[in-house]
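1. Sequence plus the predicted model coming up.
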Amino acid sequence: MARIVAFLTRTRAGKGRMDWTDWVTYGYLLFGIVLMFGPVAWLLLSSFKTGAELERFPPRLLPVAQDTLVVESYDEPLPLFKMIAGDQEGRTLAQIRRVGLIAQMVDPAEPETRLKVNVADREPIERIAFAWNNYTDLFERLNFPLYLWNSTAITLTATAIMLVINSMAAFALSKYKFRGKLTVLALVIGTLMVPGTVLLVPTFLLVSQFGMVNTLWGVIIPGAATPTGVFLLRQYMITIPDEILDAARMDSASEWKIFWRIIIPLSAPAIAVLAILAIMWRWNDFLWPLIVLSENDKFTLQLALNSFQGEFLTDWEKLLPATVLTLLPVAIVFMFLQKYIATGIASTGGK
Amino acid sequence: MANIELRNVVKRFGALEVIKGVDLRIEHGEFCVFVGPSGCGKSTLLRMISGLEDITGGEVLIDGKPVNNVSAAERGLSMVFQSYALYPHMSVRQNLSFGLENVRTPKDVIETKVRDVATMLQIDQLLERRPKELSGGQRQRVAIGRAVVREPLGFLFDEPLSNLDAELRVEMRGEISSLHRRLGNSMIYVTHDQVEAMTMADKIAVLRAGLVEQYGRPLELYNRPANLFVAGFIGSPKMNFLEGRISADAQTEIVLDSGERLNVPAGKFSGGPDQRVTIGIRPTDLDLSEDGIRLDVGGVEQLGGESHIFGTTADGRKLTLHAQGQTPVAIGEEIRISVPSDRMHLFDTQSGKTLLSA
């Protein structure tokens, strides 16, 4: 802990003093943190806000809720106010209703007497409160688990299929000599130049011909082989010495065995990178699932999030916590595997 | 336990002919070395024997059976690679057992074989380590162990010592030789280092540009090189060459380009009058003398036990002389050297072939 503190408070001038470069450096880093983490922190805090607090303008950073009290002869809990001016100054009153600038209030101690006060004379009694029910509602009232399952199923299956197909293609393109090898490679890389939007309609026609519209397979199959993945793995596999494969051949290993026992383990760093990328691509994919999936019970998380947003009304209380939960898995995957991304990308020569 | 035969073997990469018809026969139990400068096709030839490279023309036979269409796995040979080519993600034990697993050897048999080979090569302490945790010499032993454990018909070595430092190379050279004596298998060993070839081989095949220049026992190649290339390649230090022509008057006399004359023994060489010839003479065979070929000394290396004298002849050819012990000769001096006629090699300058009469 002491070392972490020492690390974080290190300065160029040393001994706790700040050089001007330290100011610039820390300022720049702080700016970066605010820029990158600001929106995420804002989202996270807002996801715990009540509906009223979300509507509030100007907005506040922390989730705050007004204290309420159940007053005799009123069904609903009433919001509490502290009077700061006027006749009732110093008393704590509960509001029954508000009409324009005048509010009807009641003292919880004597619920029979109704008081009329000016809204300017009072201040709400508030405390920081996390609206956990935003989250529990997702599970109780919405079919969140189903969307989570759909997204997970698509992500995992698509990633697994993609890794198998891409690594086999990359193996062939990196380690075998055959007629037309360069042509195939050029074609694979060439597809990178075709914009995805151009392919939407033809791919949809294909998927619908196969009867896969509104099925999870319709989302999984078209993304099963990606040129980026083939290229990334090929670049890595090229660096595996041919002599190792020759040695395995002399050791009576079949080509299939060479692939599974030699190539795959040795390409693990590149495969890890591709796996992370694939998980993120699939998980965050929105447009293609939106096109293929039309029924509510097939929706992925991203589509479900979209459905909280209407033309005139946005259900922020559900949208925000659902967004947080959607972000969570990728964030965790990324956190644990990010070191592979750096090393893997560096060694594959990819971008 | 096999003899390996090559019959007019040819290899082409597209239009480029790399191996231009090689005939060789390696008898059972022989240690055969392919030696030659880089790019001469020796490694390609080895890979064709192993089955890793296709054969464009001709035949490779193992024990008399053509194996052109037999895969590398089924030829019953094992190979040690220049870069060792150990499986980096497997422990030494897994490296050794991988081949046996592939041919479905029972677990307990694998266990015994791996242990025996590891003990023999003194790597039994390293079985759980990964290749990257081993030194160069240890990796080399594992690579050899991997070849040995499968009990192949023959071994193929592709420049296995070129990644080791000089001291270790000498040590491993001895170990491979003793391994050969112990196992008695046929071995083919590729190297560009003629010292390795001379010290280890039963037979040497000198290759150049896809052709076998000479195939024979090491001393045979040293004493009776078939052509200029073999003469220059085999033997360290390199053989000296002088240019001249056979005298028009006497068959036993050669007129050097410098005008000096040399006598050759009658009947040892064939060749007509006025034929251009190249005289080859090893640096160790030259003697200092009162009369003989003139040499301007350009450099002297005194090693204590022996000394090297570098000089230039009257017609500008470089000549090296190795003398035992220490020499009084100094740079800038002019000395005379004699060429013992019984140690002389004579080649036709144009074709490069030896003029030694059979």
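-> The structure has been received and is ready for your questions.
2. Only C-alpha atoms from now on, for both contacts and neighbour counts.
-> Noted.
3. Those residues of chain A touching chain B, which are they?
-> Contact residues (CA under 8 Å from any CA of the partner chain) of chain A with chain B: A:241, A:243-244, A:246-253, A:262, A:265-266.
4. Show me just the buried residues among those residues.
-> Among these, those buried by neighbour count (16 or more other CA atoms under 10 Å in any protein chain shown) are A:243-244, A:246-253, A:262, A:266.
5. Of these, which is the nearest to B:S307?
-> Ranked by distance to B:S307 (CA to CA), those are led by A:E243 at 43.1 Å.
6. you'd agree A:L173 is up against A:K181?
-> Yes: using CA atoms under 8 Å, A:L173 is in contact with A:K181, at 6.6 Å.
7. Need the nearest residue in space to A:F334, chain neighbours excluded.
-> Distances taken as CA to CA, 6 or more residues apart in numbering or on different chains place A:I276 nearest to A:F334, at 7.1 Å, with adjacent residues excluded.
8. Next: A:S252.
-> Computed as CA to CA, 6+ apart, the closest residue to A:S252 that is not its neighbour in sequence is B:A73, at 4.2 Å.
9. The one you found should be in a helix, yeah?
-> Yes: the assignment for B:A73 is a helix, going by DSSP: H, G, I helix; E, B strand; the rest coil.
10. just checking, it touches A:A253?
-> Yes: taking contacts as CA under 8 Å, B:A73 lies within contact range of A:A253: 7.2 Å.
11. Let me see the contact set for the closest residue to B:D202 other than its chain neighbours.
-> Spatial nearest neighbour of B:D202, chain neighbours left out: B:F31 (5.1 Å); criterion: CA to CA, 6+ apart. By CA atoms under 8 Å, 6 or more residues apart in numbering or on different chains, B:F31 lies in contact with B:180, B:186-189, B:200-203.
12. Quick one: end-to-end length of stretch B:252-259, please.
-> Stretch B:252-259 stretches 16 Å from its first residue to its last (CA to CA, to the nearest Å).
13. Just the buried residues of that stretch, please?
-> Applying 16+ other CA under 10 Å to stretch B:252-259 flags B:252-258 as buried.
14. So which of these belong to strands?
-> Cross-referencing the buried residues of stretch B:252-259 against strands under DSSP state E gives B:253-256.
15. ok, of those residues, which one's closest to B:Q138?
-> B:L256 (53.2 Å).
16. How about B:L321: which residues does it bridge to?
-> Under the criterion DSSP bridges, B:L321 forms beta bridges with B:I309.
17. burial measure for it, as a count.
-> 22 (other CA atoms under 10 Å in any protein chain shown).
18. For it, which residues are in contact?
-> Residues near B:L321 by CA under 8 Å, 6+ apart: B:283-287, B:308-310.
19. isn't B:M344 right next to B:G280, touching?
-> Yes: if you go by CA under 8 Å, B:M344 and B:G280 touch, sitting 6.1 Å apart.
20. Between those two, which has more neighbouring residues?
-> Neighbour tally, B:M344 and B:G280, criterion other CA under 10 Å: the higher count belongs to B:G280, 21 against 17.
21. just checking, that one touches B:N240?
-> Yes: between B:G280 and B:N240 a contact is recorded at 5.6 Å, counting by CA under 8 Å.
22. Could I get the full set of strands for the stretch 1-150 of chain A?
-> Ranges of strands in the stretch 1-150 of chain A, per DSSP state E, counting those that start in this stretch, are A:64-66, A:68-69, A:78-83, A:92-99, A:102-107, A:110-118, A:122-124, A:126-128.
23. Please identify the most buried of those.
-> strand A:78-83 (a mean of 21; mean count of other CA atoms under 10 Å in any protein chain shown).
24. Now do it: which elements does it pack against?
-> strand A:68-69, strand A:92-99, strand A:122-124 (3 or more CA pairs under 8 Å, 6 or more residues apart in numbering or on different chains; DSSP states H and E).
25. ok, residue 197 - how many residues close by?
-> As the question left the chain open, I've gone with chain A. As a burial measure, A:T197 scores 10 neighbours (other CA under 10 Å).
26. To clarify, I was referring to chain B.
-> 25.
27. Packing partners of the helix or strand where it lies?
-> In this assignment (DSSP states H and E), B:A197 forms part of helix B:194-200. Applying 3+ CA pairs under 8 Å, 6+ apart, one finds that helix B:194-200 contacts strand B:31-35, helix B:166-183, helix B:218-223.
28. Pretty sure B:A209 sits against B:C40.
-> Yes: when contacts are counted by CA under 8 Å, B:A209 is listed as touching B:C40 (4.4 Å).
29. overlap in contacts of the two?
-> Joint contacts of B:A209 and B:C40 (CA under 8 Å, 6+ apart) are B:V18.
30. Could you check which of those two has the larger neighbour count?
-> Each of B:A209 and B:C40 has its neighbours counted (other CA under 10 Å); B:C40 has more, 20 against 17.
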